[in-house]
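*Asks:* this is a predicted model, with the sequence first.
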Amino acid sequence: MLDLFIKSFVFNAFMENTYVVYDEEGNTAIFDPGCYEKEEEKALEMFIEQHGLKVQALYNTHCHIDHVLGNEFVKRRWKVGLQIHAVELPYLEAVKSYAGNYGFHGYQPAEPNSFIKEGSSISIGKHQLQILFAPGHAPGHVLFYDAAGDQCLVGDVIFKGSIGRTDLPGGDFDTLIKSIKTQLFSLPDHTRLYPGHGEPTTVGFEKEYNPFCGRNAGFES
Ligand SMILES: [Zn+2]
């Protein structure tokens, strides 16, 4: 069995990474669709069509505005249900009250259809992705870990050389560091991490170099 393929798009003013994850048979899940402009929707649609992908599921790692702008489009276009962690529900609902403040006057809210829970897993074709719970940046933040493929979608928990902000509602710095150390850093060093912003990294790289949670975190250089 081949590894899952991961295609990323950078969408909306927050430069958010939207991920299309699919197997060799075209079984596909979309994570954190941030598409907002028509051209962004078109780019996503064209990729799906050109690769003959069958979109079967839609997930959010967490429900900050930049990760949910395209939920309604994906639900409607491919007739899939939205799945989030239940703790994120009030934060998803809050987006409609503040979207306009960020200039997203055309934001179309989308309701979740079911909830995902840590300790369980989701499947894409024959591939299983474990759901890990990693609060701190957002209180119901989850990671999707493909153990067989040594890769993990990490949302805004960690970035290459940085971590997610913790000053938004429900955020907490100590909780985030604990999530990273107990959930992410227990994965093999060679695990590739696909964050919500910026380029991919690995567990080993962040353990070594991340200034917030790596080996030398807290030391003055
Ligand atoms: Zn976020």
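*Replies:* Happy to help now that I have it. Predicted model only: the values in this text are computed from it and were never measured.

*Asks:* can you give me the strands in this structure?
*Replies:* Along the chain, the stretches classed as strands by DSSP state E are 5-11, 16-22, 27-31, 54-59, 82-85, 114-116, 121-124, 127-133, 142-146, 151-155, 158-159, 162-163, 192-195, 201-202.

*Asks:* can you list the residues that contact the first one?
*Replies:* By Cβ atoms under 8 Å, 6 or more residues apart in numbering, the surrounding residues in contact with strand 5-11 are 16-24, 33-36, 40, 43-44, 47, 69-70, 151, 153, 194. To be clear about C-beta, it is placed using only N, CA and C from the backbone, and glycine gets the same treatment.

*Asks:* residues of the protein that sit close to the ion?
*Replies:* The chain has residues 64, 156 near the ion, with proximity defined as Cβ under 5 Å from the ion.

*Asks:* low-confidence stretches in the chain?
*Replies:* Within the chain, the ranges that satisfy pLDDT under 70 run 219-221.

*Asks:* tabulate the strands of the chain (TSV), appending mean neighbour count.
*Replies:* Below are the strands of the chain laid out as TSV (neighbours: other Cβ atoms under 10 Å):
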stretch	mean neighbour count
strand 5-11	18
strand 16-22	24
strand 27-31	24
strand 54-59	20
strand 82-85	23
strand 114-116	14
strand 121-124	16
strand 127-133	19
strand 142-146	24
strand 151-155	27
strand 158-159	24
strand 162-163	20
strand 192-195	21
strand 201-202	20
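
*Asks:* kindly reformat these as TSV containing distance to residue 176.
*Replies:* Converted to TSV, the strands of the chain look like this (distance: least, Cβ to Cβ, whole Å):
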stretch	distance to residue 176
strand 5-11	23
strand 16-22	18
strand 27-31	20
strand 54-59	20
strand 82-85	16
strand 114-116	20
strand 121-124	23
strand 127-133	12
strand 142-146	12
strand 151-155	11
strand 158-159	9
strand 162-163	6
strand 192-195	13
strand 201-202	16
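
*Asks:* residue 171: which of these is closest?
*Replies:* Among the strands of the chain, the nearest to residue 171 by Cβ to Cβ is strand 162-163 (10.8 Å).

*Asks:* so what's the residue nearest to residue 48 when sequence neighbours are not counted bridging to?
*Replies:* Among residues not flanking residue 48 along the chain, residue 55 sits closest, at 6.2 Å (Cβ to Cβ, 6 or more residues apart in numbering). Listed by DSSP bridges, the beta-bridge partners for residue 55 are residue 28.

*Asks:* how far away is residue 55 from residue 20?
*Replies:* Noted for residue 55: a distance of 8 Å to residue 20, by Cβ to Cβ, to the nearest Å.

*Asks:* go on, residue 215?
*Replies:* 34 Å.

*Asks:* can you pull out the helices in this protein?
*Replies:* 38-50, 65-68, 71-78, 89-98, 173-179, 203-209 (DSSP state H).
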